[in-house]
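> sharing a model that was predicted from the sequence below.
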There are 4 protein chains.
Amino acid sequence: MCRWMGWLGQSVLIDELLFKTQHGIVDQSLHSRMGAETTNGDGFGMGWYGAGDGPGVYHSVAPAWGDANLREIAGHIESPLFLAHVRAAIGSPVQQTNCHPFRHDNWLFMHNGYINDFHVLRRDLMLAIDPDRFAEVQGSTDTEVVFHLALTLGLESDPIGALERTIGLIEATAGEHDVGAPVQGTFGISDGTSLWAVRYATEGPARTLFASAEVDTVKRLHPENPRLQQLSEGDRLIVSEPFADLPGVWLEIPEATAVTVCRGGTMEERPFVPRLHPHATVTQHDRSAVST
Amino acid sequence: MCRWMGWLGQSVLIDELLFKTQHGIVDQSLHSRMGAETTNGDGFGMGWYGAGDGPGVYHSVAPAWGDANLREIAGHIESPLFLAHVRAAIGSPVQQTNCHPFRHDNWLFMHNGYINDFHVLRRDLMLAIDPDRFAEVQGSTDTEVVFHLALTLGLESDPIGALERTIGLIEATAGEHDVGAPVQGTFGISDGTSLWAVRYATEGPARTLFASAEVDTVKRLHPENPRLQQLSEGDRLIVSEPFADLPGVWLEIPEATAVTVCRGGTMEERPFVPRLHPHATVTQHDRSAVST
Amino acid sequence: MCRWMGWLGQSVLIDELLFKTQHGIVDQSLHSRMGAETTNGDGFGMGWYGAGDGPGVYHSVAPAWGDANLREIAGHIESPLFLAHVRAAIGSPVQQTNCHPFRHDNWLFMHNGYINDFHVLRRDLMLAIDPDRFAEVQGSTDTEVVFHLALTLGLESDPIGALERTIGLIEATAGEHDVGAPVQGTFGISDGTSLWAVRYATEGPARTLFASAEVDTVKRLHPENPRLQQLSEGDRLIVSEPFADLPGVWLEIPEATAVTVCRGGTMEERPFVPRLHPHATVTQHDRSAVST
Amino acid sequence: MCRWMGWLGQSVLIDELLFKTQHGIVDQSLHSRMGAETTNGDGFGMGWYGAGDGPGVYHSVAPAWGDANLREIAGHIESPLFLAHVRAAIGSPVQQTNCHPFRHDNWLFMHNGYINDFHVLRRDLMLAIDPDRFAEVQGSTDTEVVFHLALTLGLESDPIGALERTIGLIEATAGEHDVGAPVQGTFGISDGTSLWAVRYATEGPARTLFASAEVDTVKRLHPENPRLQQLSEGDRLIVSEPFADLPGVWLEIPEATAVTVCRGGTMEERPFVPRLHPHATVTQHDRSAVST
């Protein structure tokens, strides 16, 4: 059920992290070790900041392991901040509009996990999206709806807070429909400057999530590893599962936790607590299509 | 902006009509003469009745003229009733879930044309879909929403009446949003037994639509044409534009008209008059996701 | 490295065997148990005999498990004789022209395994193809070259003999290039009437291959199994790996063995012995295309 | 039958030239004015020099006008030297390995036109490729074979001379097979530093080819055009057909002519004269792969 990674640090050729690591995200598309499924072959997505306006996105329905264009693009684009995602579809079609990360202006959003019984909740959740934003939903994933809800509830000014309100709203909606354990997963978010990541499940355990340790620590622990020695102060990775079995390199992010990684590599953790905005309601937006 | 065809008659290999006519639907994908666009290269769709439960559908994002699988399937499936559609996308993505015909149980539905300013109307129209059916909308086209509205408003018991109510609802919704000339196009519908077709535009002229003449007439007019001589009594074609320039073979369906073709080839015309169901309303379905 | 199946028997909806078995070929695309790789996600192919001239083929670059069109086609085509193949690419691109089965006139041909160091042998092997047939090679797989060699060496009059000569030629060519263990795999062949299958490796063990037992035996062994009770006398399956763990249902085909299944279900085994046609020769090694 | 463009000049976002011109290459994919076909919808290809080792290539089977990834990549990659190509297939399959430009090390190669009766000549031409290079041919186009012949005949040290020898070889081979008018088209070549273009047909007229005029001239002629005023000294475009109807901006390259554009924008023309290397020979016609 998906794997993802986020990089914030020095500008690197993307394939350094996608293809040239021992167990990077492309390898995880075929041989995931910690995911709910071994195979994540239902499409690939990448979003990166660099040349041009806002982030670029590449969405492919081919499995990452065999996508020639992905190899080309990753080998010829440098970026100091990018997200990548391999998908294992759960019901929704394999199409580009269902590939993560999703984008709005400068923002990228991706997810590993699911909204339980999404087909039961889909209408109510879409109703809770800002009506002016409704027509922007292009695909049929739960994640895209979560993203637009979060945008509706203030993502652009307070990403973690907005996601707490979004998850709160989803859990409340699920409650009304007797849907149990509605939220499962991890989320990755960026605005081109910072990187946010959340690990949360209504009923645990949540999907795994790891951050790379301080660069100084990593280099000191593994002086013999040339790849790690190329890291610069401030480089930071967030990943669904570690790229290699290197002691001390990967820090597991606890459940119900949000992390914020800022340029320079500082990382802050805080508890992630879903909450229902006191005035959140769908019906305020309910413009009647037809009144008789 | 799309071309389509429907066949009801003797069982034929599908490629007889797709590939082996002078100006069939595949040729129209590259060289449409009467369409709003010459090229209809944004995907292909086909639905057919035959072996297996209900209609089969084939949806492809490749242009019809170059799709090797289409050529294979059409050359190896026989059907007495099938629909085919070439798409020219207007904004919405080229993906299989946006290819016509759309299916629900035994029903197939396709469309040539558009709902004007659909992004403005999309939310209200989706709200008017039966909530239990809402999660079935998989793509992002206007046509799929029209189909689910028509299902909501009784398509399965009265196809033309339900489409009149649907178009009435869309026109009323458009009026509330100051969207002019909301509905343009032709629609093709089947349940596996009959074939319905509608030509209508809020503001004309509507897209073209033709039916083949009585088989007896066709054969008498063109005794030298071996293809036409193979027709059997009761064979009937409905097409966006004629397959060949043969006098007397194609009857233009007037604007604001619905036709019903039954097995045996009888075809009835009636006026198509959009109407607003007196009790149609969105808000009756509006289940609040969140009430505080 | 691929899995395949062949059916010869009563006319059935293809999805009965592709999707409705416990561990059918589509399941094997994601969860192969006996293959060299768990995942066979690099395309799907199917060839079937039924309506229309010669066999139809469907070749898809999407993984079989998520291909909506495959599900549709399989659910709406009946055939008394069809082949299906899931691919795990080894180097060559994932494209329709590299999907099995390959077709020539009435013949279908597919393969699980590989020609070792094919890039070294490719030129000499293609040179050995009948020059009039050379331009028909459309893809870049080893299998398609094997097929055209076999056609050159008499496949249409003596399938097993021609394949023995083909493998002999490949092994001789490999010997000249110091390529070891050149041939590995199983082959499936049909002309629309019979089904041939070969299990062979220059150096074993060869990939697995199984045939279903006599229908009478199968039904007697598993009286409680409704699916097996639907089998008719003469139904026969050849598969890379069994569809279910049912004692007595599956017979392993020995190494270096060819089987011939005829309509009516009779199956004959014979040793498979590669041989070099006494006068066969690769026009060695005219390496100098341009000699100066 | 294809359209292409090449840019050598200041580093620009690729979409400036692909999407933001009046009649750029993407517009030509749907509305070519001077091509043999209006529609060039059988795939897109792009090769660019910039970050990473050697040129990157992007090959897509989707029509350029509707390819969301192309729009993304073009909008987020800067390059001082790139080639782009829209394809109208003539027989060979629409697959990524048939998309131009083709690449070898630092070299990119593309073509608009055809080798007449290529299926008749394919074997002899492939035989003339350096045997060590034979296995690199991945697709089934005439162009890829021309490219590998040119590499065999010295492209990397003398691009135009090698192409003259290649065309000479093709014409000689065609003569042996009684194939008339064998070569038609234009060719674009780059090594990452310079840009070469050739216009040639055995029997004219050859496909059109244009170069942009000196930047000084262009700016003086169109002082009111803000886009043209952004050009820098040394910018140069080579195109199958002009991007706009601007007098004095586009210079038609004569038939049977090769141009070399160097960094700094200098452009030299010379006659293009196919010639047969005195000792070049196709190892005729060892048609007997297997002689009995």
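That came through fine.

> pLDDT weak spots in the stretch 151-292 of chain A?
Across the stretch 151-292 of chain A, residues meeting the criterion (pLDDT under 70) sit at A:277-292.

> neighbours of the residue of the stretch 101-250 of chain A found nearest chain B, just the number please.
When scored by CB to the nearest CB, the stretch 101-250 of chain A has A:Asp124 as its residue closest to chain B, at 3.2 Å. To be clear about C-beta, it is placed using only N, CA and C from the backbone, and glycine gets the same treatment. Neighbourhood size, A:Asp124 [other CB atoms under 10 Å in any protein chain shown]: 23.

> where does it fall, secondary structure wise?
Counting by DSSP states H and E, the element that carries A:Asp124 is helix A:118-127.

> biggest helix in chain A, by residue count?
helix A:159-176 (DSSP state H).

> kindly export it (C-alpha atoms) in CSV.
Extracted C-alpha coordinates of helix A:159-176, given in CSV (Å, rounded to 0.1, in the frame of the first residue of the first chain):
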residue,chain,number,x,y,z
PRO,A,159,0.1,22.3,7.4
ILE,A,160,0.1,20.1,10.5
GLY,A,161,-2.8,21.8,12.1
ALA,A,162,-4.8,21.6,9.0
LEU,A,163,-4.1,17.9,8.7
GLU,A,164,-5.1,17.4,12.3
ARG,A,165,-8.4,19.1,11.5
THR,A,166,-8.8,17.0,8.3
ILE,A,167,-8.2,13.7,10.1
GLY,A,168,-10.5,14.9,12.8
LEU,A,169,-13.2,15.6,10.2
ILE,A,170,-12.7,12.2,8.5
GLU,A,171,-12.9,10.4,11.8
ALA,A,172,-16.1,12.2,12.8
THR,A,173,-17.6,11.5,9.4
ALA,A,174,-16.6,7.8,9.7
GLY,A,175,-18.3,7.7,13.1
GLU,A,176,-21.6,8.8,11.6
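
> next, the angle helix A:118-127 makes with that helix.
Computed with axes from the mean of the first three to the mean of the last three CA atoms, to 10 degrees, the direction of helix A:159-176 lies at 120 degrees from that of helix A:118-127.

> in helix A:159-176, what counts as buried?
Of the residues in helix A:159-176, those buried by neighbour count under the rule 16 or more other CB atoms under 10 Å in any protein chain shown are A:159-174.

> just stretch A:23-43 next, same as before
By neighbour count on 16+ other CB under 10 Å, the buried set for stretch A:23-43 is A:23-30, A:32, A:35, A:38-43.

> going by distance to A:Arg220, which of those wins?
Distances from A:Arg220 to the buried residues of stretch A:23-43, taken as CB to CB, are shortest for A:His23 (22.3 Å).

> what is the burial count for the residue nearest to that closest one when sequence neighbours are not counted?
In this structure, A:His23 finds its nearest non-sequential neighbour in A:Phe243, 5.2 Å apart by CB to CB, 6 or more residues apart in numbering or on different chains. The burial count assigned to A:Phe243 is 22, neighbours taken as other CB under 10 Å.

> I'd say A:Phe243 and A:Phe19 touch.
No: under the contact definition of CB atoms under 8 Å, A:Phe243 does not touch A:Phe19, with a separation of 11.3 Å.

> picking up where we left off before, ok, the helix or strand following the longest helix of chain A near chain D or not?
Scanning the chain past helix A:159-176 towards its C-terminal end, the next helix or strand to appear is strand A:183-190 (assignment: DSSP H and E). No: no part of strand A:183-190 sits close enough to chain D to count as contact by CB under 8 Å from any CB of the partner chain; the gap is at least 15.0 Å.

> strand A:183-190 pairs with which strands?
Its sheet considered, strand A:183-190 pairs with strand A:107-115 (antiparallel), strand A:195-201 (antiparallel) by DSSP bridges.

> tell me which of the ones you listed lies nearest to C:Val183.
In terms of CB to CB, the element of those nearest to C:Val183 is strand A:107-115, at 42.6 Å.

> circling back: contacts for the longest helix of chain A?
Contacting residues not belonging to helix A:159-176 are listed as A:115-117, A:121, A:124-125, A:128, A:146, A:149-151, A:153-156, A:180, A:182-183, A:187, A:189, A:191, A:196, A:198, A:200, A:202, A:258, A:260, A:270, A:272-277, A:280, B:289-290 [CB atoms under 8 Å, 6 or more residues apart in numbering or on different chains].

> may I have the phi/psi pair for A:Val239?
Torsion angles at A:Val239 (phi, psi; degrees, to the nearest 10) stand at phi -140, psi 150.

> before we move on, what about A:Gly56?
Per degrees, to the nearest 10, the backbone of A:Gly56 is at phi -90, psi 150.

> please name the nearest non-neighbouring residue to it.
Distance criterion CB to CB, 6+ apart; nearest residue to A:Gly56, sequence neighbours excluded, is D:His76 at 3.3 Å.

> for the residue of the stretch 151-292 of chain A found nearest chain C, list the residues it contacts.
Closest contact between the stretch 151-292 of chain A and chain C, by CB to the nearest CB, is at A:Glu241 (17.5 Å). By CB under 8 Å, 6+ apart, the residues touching A:Glu241 are A:3, A:23, A:28, A:32-35, A:208, A:210.

> what about A:Gly265, which SS state?
Following DSSP: H, G, I helix; E, B strand; the rest coil, A:Gly265 is assigned to coil.

> for chain D, what is the nearest residue in the stretch 101-250 of chain A?
At 9.5 Å from chain D, A:Arg103 is the closest residue in the stretch 101-250 of chain A, using CB to the nearest CB.

> over to that residue: give its phi and psi.
Taking degrees, to the nearest 10, you get phi -130, psi 140 for the backbone angles of A:Arg103.

> residues contacting it?
For A:Arg103, counting by CB under 8 Å, 6+ apart, the contacting residues are A:47, A:54-55, A:57, A:109.

> could you redo the last one with a cut-off of 6 Å?
Applying CB atoms under 6 Å, 6 or more residues apart in numbering or on different chains to A:Arg103 gives the contacts A:Val57.

> and what of the one 4 residues further on?
With contacts defined as CB under 6 Å, 6+ apart, A:Trp107 is in contact with A:Asp191.

> again with A:Glu252
By CB under 6 Å, 6+ apart, the neighbours of A:Glu252 are A:Phe210.

> from A:Gln184, how far off is it?
With the distance defined as CB to CB, to the nearest Å, A:Glu252 ends up 17 Å from A:Gln184.

> one more: A:Val57?
Here A:Val57 is placed at a distance of 24 Å from A:Gln184 (CB to CB).

> ditto for A:Ile160
For A:Ile160 relative to A:Gln184 (CB to CB), the value is 18 Å.

> looking at this, A:Ala36 is in a helix?
No: counting by three-state DSSP, one finds A:Ala36 to be coil, located in no helix.

> what's the spacing between it and B:Ala150?
Distance, A:Ala36 to B:Ala150, by CB to CB: 39 Å.

> which residues touch A:Ile238?
Under the criterion of CB under 6 Å, 6+ apart, the neighbours of A:Ile238 are A:6, A:197, A:211.

> got the angle for the host helix or strand of the first one vs strand A:107-115?
Which is A:Gly6. When secondary structure is defined by DSSP H and E, A:Gly6 falls within strand A:3-13. Angular relation of strand A:3-13 and strand A:107-115 on a 0 to 180 degree scale: 160 degrees, by the same axes, to 10 degrees.
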